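Q: any chance you can model this:
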Amino acid sequence: MSYTPHNQPIRAPPVHSDYELIDGDPYFFKVLRYFRSSDYLNWGILTATPPILMKLWEHYEPHQGKGRKPIPMSGMTLRAATSIGFFGGFFLAYIKTARRFLGWEENSTEVSKDRFEMKKLLSEGIPPYFEHLSSLDDRTKDVSNRNSQYSVAMLFLLPWFNLSYHPYHQVDLKKYYEVRPGEEDWKFDLKPLDEIYGKYNLRKPTVN
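A: Okay, here's the model as predicted:
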């Protein structure tokens with residue numbers, strides 16, 4: 001079901017943030033691409049920490065009793081501990097990156113990278129949120145966004161990611177038509193938004 005000019009969803013304004021809002025509901029794989037080196041480092045450390053701690057615990061507090069010889073950890077135990085660290089590290093990296101998209105943490109590197117990518121897509125006449133690749137109708141896109149927006153705040157309790165292409169990202173695309181210091185050398189010739197979205201018969205993204 002498609003929305004009409006007289007039947008539009010009511011949406012709340014973006015949550016206030018200390019840094020620039022990049023995307024209010026970033027696509028799952030875009031978040032992965034924006035992981036920083038420090039995120040991968042923390043992910044690796046957290047992956048290795050549980051099995052190392054278990055070995056140290058067995059060494060200093062053998063489960064057979066104090067003063068007894070520590071026994072080797074079983075492969076299943078080590079795999080389970082490593083898996084816990086792996087997924088915990090992934091969630092931490094994802095949360096930190098998603099918070100940068102929302103402007104809840106320092107994100108100057110991500111802002112520059114996003115502006116380059118979005119300008120490139122707009123210069124190629126491609127909808128920057130790839131709505132033309134979605135088979136969902138307007139209402140289903142709306143519902144999908146409402147389910148995933150700000151889900152990062154509860155990710156450790158309920159892993160939920162944005163895996164749909166929709167226009168609800170709380171961003172005014174007009175900001176990409178501005179030329180900020182340092183962007184002069186990119187030399188992108190951006191196509192008008194009306195032309196891009198008219199080409200694919202799509203409704204332009206809403207700011208909220």
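Q: surely Leu190 is within a strand?
A: No - under DSSP: H, G, I helix; E, B strand; the rest coil, Leu190 falls outside any strand and is assigned coil.
Q: what about the nearest residue to Ser112 once chain neighbours are set aside, which SS state?
A: Leaving aside its sequence neighbours, Ser112 sits nearest to Gly182 (Cβ to Cβ, 6 or more residues apart in numbering; 7.7 Å). Every residue, glycine included, has its C-beta placed from N, CA and C. Classification of Gly182 using three-state DSSP returns coil.
Q: what about Gly182, neighbour count?
A: 9 (other Cβ atoms under 10 Å).
Q: for Asp18, see how far away it is.
A: The gap separating Gly182 from Asp18 is 22 Å, by Cβ to Cβ, to the nearest Å.
Q: any idea which element the residue most central in space within the chain lies in?
A: Residue closest to the average C-alpha location in the chain (Cα atoms, centre = their mean): Val31, at 3.3 Å. According to DSSP states H and E, Val31 maps onto helix 28-33.
Q: list the buried residues in that helix.
A: Applying a neighbour-count criterion of 16 or more other Cβ atoms under 10 Å, one finds 30-31 buried in helix 28-33.
Q: what's the answer for stretch 85-101, then?
A: 85-86, 88-101.
Q: could you list which of these belong to helices?
A: Secondary structure assignment by DSSP state H places 85-86, 88-101 of the buried residues of stretch 85-101 in helices.
Q: for the helix holding Val31, packing partners?
A: On a contact count with 3 or more Cβ pairs under 8 Å, 6 or more residues apart in numbering; DSSP states H and E, helix 28-33 meets helix 75-102.
Q: so the residue nearest to Pro167 when sequence neighbours are not counted, which state does it fall into?
A: Once flanking residues are discounted, Pro167 sits nearest to Pro205: 3.7 Å by Cβ to Cβ, 6+ apart. Put simply, Pro205 is coil when judged by three-state DSSP.
Q: and the closest residue to Ser164 other than its chain neighbours, how many neighbours?
A: Computed as Cβ to Cβ, 6+ apart, the closest residue to Ser164 that is not its neighbour in sequence is Ser144, at 4.2 Å. By the criterion of other Cβ under 10 Å, Ser144 has 19 neighbours.
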